[in-house]
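**Student:** missing the sequence, but the structure's below:
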Ligand SMILES: NC(=O)c1ccc[n+]([C@@H]2O[C@H](COP(=O)([O-])OP(=O)(O)OC[C@H]3O[C@@H](n4cnc5c(N)ncnc54)[C@H](O)[C@@H]3O)[C@@H](O)[C@H]2O)c1
């Protein structure tokens with residue numbers, strides 16, 4: 001039975017992914033702020049190190065799967081917290097758990113990015129240099145100083161950087177024998193989306209963000225794609241970003257892929 005660690009397991013896409021992987025025969029270890037096997041805070045370096053230490057202890061240093069789903073939306077205050085969870089909460093766990101994954105059976109990892117990752121390209125991402133340098137304080141300072149724009153910048157900037165971080169790892173992880181991909185959801189009915197709808201700064205844009213399919217996703221529809229990427233059926237899928245967005249990216253950027 002594969003053992004898979006899932007962050008953000010207490011809610012939304014993470015909870016649905018946990019259920020889908022359990023149904024596919026995985027033993028799951030959930031990580032979240034509360035209601036999880038490992039309760040911890042991915043928004044601080046110390047919190048991430050504590051989560052890593054518990055994960056390695058629980059798994060005795062051997063892991064078959066990793067799904068990094070924990071994330072915060074644009075409405076969060078301060079905006080720097082979204083950068084910490086969405087970017088550093090991913091790269092620190094990827095790098096910290098690679099040795100354990102290398103010891104696993106048919107190991108695979110999926111990062112839940114966003115369709116927003118493609119809307120702020122890397123060469124125009126104001127956070128790119130700070131994030132690539134691993135400078136959490138500098139990246140946080142940039143978004144916190146951006147005023148009204150800070151939330152959108154934190155979200156799109158961190159999601160763009162996390163997809164780049166996965167793609168940059170494709171060579172090393174492929175050579176290490178661990179598959180690594182991202183899923184890029186469009187709008188999904190979760191508490192994160194509801195929190196955005198309740199914030200006057202973002203409600204209108206979220207309401208107008210309608211995919212060609214004409215509705216939002218159920219979390220289980222994202223979970224099914226994550227479960228596919230984690231399965232042996234996806235054994236040659238590596239370094240890919242799978243848009244699960246009802247056609248949103250194709251509509252907005254038809255010539256870029
Ligand atoms: N809902 C959408 O429309 C949508 C669209 C694209 C991408 N996403 C991404 O999907 C992922 C899951 O989002 P969701 O919509 O299911 O949201 P959600 O709020 O339902 O779940 C997110 C989970 O992450 C956890 N989390 C937040 N901060 C944390 C921290 N500091 N430490 C540990 N855990 C923390 C929360 O407690 C929560 O359980 C996120 O990365 C999000 O950016 C969501």
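**Tutor:** It's in. Note that this is a predicted model, so its numbers are computed, not measured.
**Student:** contacts, neighbours, all on C-alpha from now
**Tutor:** Noted.
**Student:** just name the shakiest helix or strand of this structure by mean pLDDT.
**Tutor:** The least trusted helix or strand in the chain, going by mean pLDDT, DSSP states H and E, turns out to be helix 203-208, with a mean of 90.
**Student:** for the stretch 101-250 of the chain, what lies in contact range of the ligand?
**Tutor:** For the stretch 101-250 of the chain, the residues in contact with the ligand (Cα under 6 Å from any ligand atom) are 112, 113, 114, 185, 186, 187, 188, 189, 190, 191, 192, 193.
**Student:** between those, which has the most around it?
**Tutor:** Of all these, residue 113 has the most neighbours under the rule other Cα atoms under 10 Å, reaching 33 neighbours.
**Student:** so it touches residue 167, yeah?
**Tutor:** No - counting by Cα atoms under 8 Å, residue 167 is not a contact partner of residue 113; they are 12.0 Å apart.
**Student:** what pairs with whichever helix or strand residue 109 is part of, parallel or antiparallel?
**Tutor:** Element membership for residue 109 (DSSP states H and E) is strand 108-112. Looking at strand 108-112 with DSSP bridges, its partner strands are strand 65-68 (parallel), strand 179-185 (parallel).
**Student:** ok so, going back, farthest-apart pair in the residues of the stretch 101-250 of the chain next to the ligand, please.
**Tutor:** With Cα to Cα as the measure, no two of those lie farther apart than 113 and 191, at 16.6 Å.
**Student:** what about residue 30, how many residues nearby?
**Tutor:** By other Cα under 10 Å, neighbour count at residue 30 equals 23.
**Student:** and the spatially closest residue to residue 126 that is not a sequence neighbour, what does it touch?
**Tutor:** Counting by Cα to Cα, 6 or more residues apart in numbering, residue 126 lies nearest to residue 157, which is 7.3 Å off, once chain neighbours are set aside. Residues in contact with residue 157 (Cα atoms under 8 Å, 6 or more residues apart in numbering) are 83, 117, 120, 125, 126, 127, 128.
**Student:** I'd like those written out as CSV, with neighbour count and pLDDT added.
**Tutor:** Compiled in CSV, those are given as follows (neighbours: other Cα atoms under 10 Å; pLDDT from 0 to 100):
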residue, neighbour count, pLDDT
83, 32, 98
117, 21, 98
120, 19, 94
125, 16, 98
126, 17, 98
127, 26, 98
128, 19, 98
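**Student:** nearest to the ligand, of those residues?
**Tutor:** residue 117 (9.1 Å; Cα to the nearest ligand atom).
**Student:** so for the host helix or strand of residue 221, what gets flagged as buried?
**Tutor:** For residue 221, the host element (DSSP H and E) is helix 219-230. Buried residues in helix 219-230, counted by 16 or more other Cα atoms under 10 Å: 219, 220, 221, 222, 223, 224, 225, 226, 227, 229, 230.
**Student:** which helices and strands sit right next to the helix or strand where residue 195 lies?
**Tutor:** Assigned by DSSP H and E, residue 195 falls within helix 191-197. Helices and strands touching helix 191-197, by 3 or more Cα pairs under 8 Å, 6 or more residues apart in numbering; DSSP states H and E, are helix 203-208.
**Student:** what does the helix it packs on rub up against?
**Tutor:** So helix 203-208 is contacted by 196, 197 (Cα under 8 Å, 6+ apart).
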